[in-house]
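Participant: no sequence for this one, just the structure:
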């Protein structure tokens with residue numbers, strides 16, 4: 001009874017407070033929102049959002065059209081100067097939006113607020129700005145005078161209509177639009193939530209990524225069998241696409257459909273007895289006709305949807321084929337679609353500068369199609385630096401200077417997976433670099449993590465978290481700086497401290513601690529990858545760690561040197577640092593040891609800062625706990641990498657000194673790295689489902705993903721423990737026997753196959769053998785285990801002109817060993833036509849379909865003045881096979897038993913340094 005009596009005054013106070021609020025609200029003056037007659041959907045949508053904001057603040061509000069507004073009373077008048085709704089123009093040559101597109105002016109005179117947009121989107125954003133000011137001030141501003149416009153012409157986000165795994169009977173990127181595979185794709189409430197997030201952050205473009213979407217969205221009279229979905233699903237897809245484009249249009253968002261080349265539908269491929277994709281096959285009239293008609297049908301049906309083209313990966317990259325495919329198949333397809341509906345306005349086409357010579361393609365394409373854009377990855381498939389430089393920066397600037405809009409693609413973020421990442425400072429500096437270094441004025445943003453698992457995060461929770469909710473700060477930060485990058489540091493700290501304070505129910509002073517934790521943690525992953533990593537691509541899951549052999553012999557794993565040369569500050573790789581230390585040479589720029597020390601400091605400060613805020617949390621406590629755990633994870637990961645790098649430096653010194661004492665000095669560091677990795681396992685065991693959302697065999701570092709395995713730290717721990725155990729054994733062996741060394745090489749044996757395609761004869765691998773039918777070049781030396789294999793001889797000239805195709809039948813599983821000449825080529829530039837490009841997952845997503853993605857034996861053959869040869873192996877089951885290899889000289893050096901595992905090592909025939917990988921294997 002006493003407890004009830006105590007509640008009575010509290011209930012009375014609460015009721016009185018509510019009544020006071022009602023009385024206060026009822027006294028607020030009514031507001032009339034006036035829009036033009038036949039207002040575009042963007043203007044109407046903006047007015048509706050503003051009306052809702054006014055009503056929530058207690059203002060009676062209604063929307064009327066011009067001519068129906070009252071003669072007196074408070075009004076908000078909305079208009080725009082453009083008479084047509086347009087997608088962002090492709091004629092901006094500046095690296096900021098100098099044309100004022102999407103800009104607005106807000107002026108107040110007496111009782112009237114006037115919102116004037118330079119176009120319909122500007123009017124929409126003006127409405128949203130007034131609504132924001134209303135929320136911030138608690139009332140409608142009385143003297144609001146403001147002019148604003150975005151710096152970046154395009155500000156977009158990406159959604160991958162793809163999966164973490166391959167569908168049965170399919171390969172990379174091949175995912176038809178079906179409700180079974182993508183239930184979220186048909187969830188309209190989720191789409192509305194996502195589109196609302198986009199418009200709130202002023203994003204104006206939405207990219208849907210898929211390998212071959214056309215066979216899910218259009219029917220072709222000439223190829224009715226190409227449709228990949230049933231009629232019921234096809235109808236759902238049509239309805240979904242109409243819904244999505246209409247809802248996006250209201251919010252000023254341009255939908256862009258992405259696709260890869262050359263991919264055909266599975267039923268089409270089966271009908272014509274071809275593969276859905278084969279990078280090295282020639283362009284045929286059938287492939288061109290099917291693709292052209294697919295694009296034409298899509299444009300005819302969805303003329304206001306843009307197209308994003310990836311020329312490379314699924315077709316031979318960088319060359320005349322790219323130019324021809326774009327100008328003779330893709331653009332004519334778009335033009336055919338326009339002609340069919342009598343439309344003259346060109347829908348925008350975005351050319352992705354990936355595995356293609358984009359400047360060359362654009363030069364050929366602009367005379368026949370004007371509404372073109374270009375796009376390139378900002379830091380590869382990672383986030384590594386806000387100081388990009390080198391050849392990659394030069395490519396970006398060349399694209400920016402063409403005169404069309406150039407877009408920065410913040411792509412995949414493989415090094416940020418799966419933990420939370422929201423460092424406004426790093427993001428702001430990155431956007432500034434996009435303007436100042438790359439001279440570009442567009443942003444295309446991938447999800448912060450778990451791209452392949454959209455819409456979910458990797459967090460291990462009872463109900464899976466949405467990326468849209470967890471990573472709100474990621475989306476907001478990039479959008480904020482895409483709109484305006486030059487914002488003072490102190491103002492940004494205050495802005496985000498307030499934001500985080502509201503998010504977790506704490507004072508801004510405590511929110512500042514949360515911000516500091518994220519800023520400190522935000523430096524760790526970028527620094528680790530750019531100074532120690534193998535690649536900026538998603539074939540490496542950085543958070544899982546790296547093998548010692550990957551630190552001390554990165555070239556064995558096809559290290560992607562562009563990352564060090566362009567996507568990092570000037571500095572040194574670990575192997576370079578160790579060599580300079582031994583030679584007592586001066587170090588240059590950012591060093592591995594320096595970064596090893598810095599990331600530990602960042603980790604410690606991140607933990608200290610988040611712990612300071614922990615006691616002040618009053619709301620979203622579960623999410624704060626997850627964020628706090630992430631800071632501890634970053635700290636453990638930083639310490640693990642730091643100690644392992646220090647161990648690697650000591651081990652590399654042994655390569656020069658041959659003093660076992662150097663290995664003994666490395667051992668404590670390697671043991672400490674294991675302690676920190678065990679802590680990393682503990683922190684992630686019950687909090688994360690996986691480290692990497694791409695769980696196919698494309699992911700190879702630290703170990704190959706097989707059937708979704710090795711995706712969690714628990715699975716990697718035994719591998720690292722074995723590595724440490726082996727290292728201890730090798731040290732003991734060296735101390736007791738000076739003859740301890742790598743295992744002896746066993747010669748390989750020929751496997752029987754029946755070759756059905758034409759060759760120019762054969763030869764037995766060995767010194768003095770002739771490599772090509774039409775040259776006199778002889779083998780000078782060959783790795784011992786390759787001697788005696790039966791190589792196939794070809795005409796070098798024909799290989800350069802036509803590529804190499806081999807047809808064969810095997811009665812049991814076999815491996816074909818293929819030799820690629822080590823001819824370096826800059827990323828994104830044209831391959832030397834004399835030499836075939838080796839498989840490379842950075843540019844070719846199918847580069848490991850036969851297990852050929854990594855070099856098995858480096859520097860295995862030397863011949864004449866040709867570059868040394870690296871050996872890759874292609875695996876085949878029993879049966880008949882046809883293999884198309886790229887144009888350029890290469891060697892087919894024999895078939896071996898398909899069950900034979902090849903030891904990966906450097907044969908050292910090109911003067912390379914001695915192999916010490918055996919210390920850990």
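Facilitator: Perfect, I can see it now. None of the values given here were measured: they were computed from a predicted structure.
Participant: give the contact list for residue 552.
Facilitator: Residue 552 makes contacts with 574-575, 648, 651-652, 655, 916-917, as judged by CB atoms under 8 Å, 6 or more residues apart in numbering. Every C-beta, even on glycine, is put in place using the N, C-alpha and C of the backbone.
Participant: hmm, 10 Å instead?
Facilitator: Neighbouring residues of residue 552 by CB atoms under 10 Å, 6 or more residues apart in numbering: 574-575, 578, 647-649, 651-652, 654-655, 915-917, 919-920.
Participant: can you check residue 323 too?
Facilitator: 311, 356-357, 360-365.
Participant: Weed out the non-buried ones from those.
Facilitator: Among the contacts of residue 323, those classed as buried by 16 or more other CB atoms under 10 Å are 311, 356-357, 361-362, 364-365.
Participant: quick revisit: turn the contacts of residue 323 into TSV, including pLDDT, distance to residue 55 and secondary structure.
Facilitator: TSV is the format used below for the contacts of residue 323 (pLDDT from 0 to 100; distance: CB to CB, whole Å; DSSP: H, G, I helix; E, B strand; the rest coil):
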residue	pLDDT	distance to residue 55	secondary structure
311	88	50	strand
356	88	51	coil
357	90	55	coil
360	94	56	helix
361	95	52	helix
362	96	49	helix
363	95	54	helix
364	96	55	helix
365	97	50	helix
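Participant: Out of these, which comes closest to residue 516?
Facilitator: Proximity of the contacts of residue 323 to residue 516, judged by CB to CB, is greatest for residue 356, which lies at 42.2 Å.
Participant: my guess is that closest one meets residue 320, correct?
Facilitator: No: using CB atoms under 10 Å, residue 356 is not in contact with residue 320, being 11.3 Å away.
Participant: Report the central residue of this structure.
Facilitator: In the chain, the residue lying closest to the centroid (CA atoms, centre = their mean) is residue 412, at 2.0 Å.
Participant: State the pLDDT value of that residue.
Facilitator: Turning to residue 412, the model gives it a pLDDT of 95.
Participant: Regarding the closest residue in space to it that isn't next to it in sequence, what is its secondary structure?
Facilitator: Distances taken as CB to CB, 6 or more residues apart in numbering place residue 381 nearest to residue 412, at 3.7 Å, with adjacent residues excluded. For residue 381, the assignment made with DSSP: H, G, I helix; E, B strand; the rest coil gives coil.
Participant: Count the neighbours of residue 381 for me.
Facilitator: 24 (other CB atoms under 10 Å).
Participant: quick one, phi/psi of it?
Facilitator: Dihedral pair for residue 381: phi -100, psi 50, per degrees, to the nearest 10.
Participant: My understanding was that it contacts residue 538; is that so?
Facilitator: Yes: counting by CB under 10 Å, residue 381 touches residue 538, with 4.8 Å between them.
Participant: Overlap in contacts, those two.
Facilitator: 411-415, 451, 694, 841-842.
Participant: Among those residues, which one has the most neighbours?
Facilitator: Each of the shared contacts of residue 381 and residue 538 was scored for neighbours by other CB under 10 Å, and residue 414 scores highest at 29 neighbours.
Participant: how close does it sit to residue 771?
Facilitator: Residue 414 is 38 Å from residue 771, where distance means CB to CB, to the nearest Å.
Participant: Check residue 181 too.
Facilitator: 47 Å.
Participant: So the two - more neighbours on which side?
Facilitator: More crowded of residue 181 and residue 771, by other CB under 10 Å: residue 771, with 24 against 13.
Participant: and the more buried one, what is it in contact with?
Facilitator: Shown in contact with residue 771 (CB under 10 Å, 6+ apart): 763, 765, 777-779, 791, 793-794, 796, 819, 861, 863-864, 866, 869, 889, 891, 893.
Participant: Could you tell me which of those are located in helices?
Facilitator: If you go by DSSP state H, the contacts of residue 771 have residue 796 in helices.
Participant: List only buried entries from the contacts of residue 771.
Facilitator: By 16+ other CB under 10 Å, the contacts of residue 771 give 765, 779, 791, 793-794, 796, 819, 861, 863, 866, 869, 889, 891, 893 as buried.
Participant: got a list of what residue 594 touches?
Facilitator: 527, 531, 571-572, 577, 587.
Participant: for residue 399, helix, strand, or coil?
Facilitator: Following three-state DSSP, we place residue 399 in the helix state.
Participant: That one and residue 375, how far apart?
Facilitator: 8 Å.
Participant: Those two: which is more packed in?
Facilitator: Neighbours were counted for residue 399 and for residue 375 using other CB under 10 Å; residue 375 has more, 27 against 24.
Participant: Quick check: chain neighbours aside, which residue is closest to that one?
Facilitator: Nearest non-adjacent residue to residue 375, counting by CB to CB, 6+ apart: residue 407, 4.1 Å away.
Participant: Check residue 498 too.
Facilitator: Closest residue to residue 498 apart from its sequence neighbours, by CB to CB, 6+ apart: residue 508 at 4.9 Å.
Participant: follow-up on the earlier one: doesn't the residue nearest to residue 375 lie inside a helix?
Facilitator: No: using three-state DSSP, the assignment for residue 407 is strand, not a helix.
Participant: Could you count how many residues lie near it?
Facilitator: Here the number of neighbours of residue 407 (other CB under 10 Å) works out to 30.
Participant: List only buried entries from the contacts of residue 594.
Facilitator: So, by 16+ other CB under 10 Å, the buried ones in those are 527, 531, 571-572, 577.
Participant: of all those residues, which comes closest to residue 638?
Facilitator: Set against residue 638, the nearest of these by CB to CB is residue 527 (8.8 Å).
Participant: Does that closest one touch residue 591 like I think?
Facilitator: No: using CB under 10 Å, residue 527 is not in contact with residue 591; the gap is 11.5 Å.
Participant: residue ranges with poor pLDDT in this structure?
Facilitator: 1-26, 83-94, 98, 313-318, 738-745, 824-831, 911-913 (pLDDT under 70).
Participant: Kindly recompute the last result at 50.
Facilitator: Scanning the chain for pLDDT under 50 picks out 1-25, 83-93, 826-829.
Participant: following the longest helix along it, which helix or strand shows up next?
Facilitator: Under DSSP H, the helix in the chain containing the largest number of residues is helix 621-657. Toward the C-terminus, helix 621-657 is succeeded by helix 660-685 as the next helix or strand (DSSP states H and E).
Participant: mind listing what's buried in the helix or strand encompassing residue 602?
Facilitator: In this assignment (DSSP H and E), residue 602 forms part of helix 592-614. Residues of helix 592-614 classed as buried by neighbour count (16+ other CB under 10 Å): 592-596, 598-600, 602-603, 605-607, 609-610, 612-614.
Participant: circling back to that earlier point, list the residues that contact both of residue 399 and residue 375?
Facilitator: Going by CB under 10 Å, 6+ apart, residues that sit against residue 399 and also against residue 375 are 351, 353, 358, 405-407, 440.
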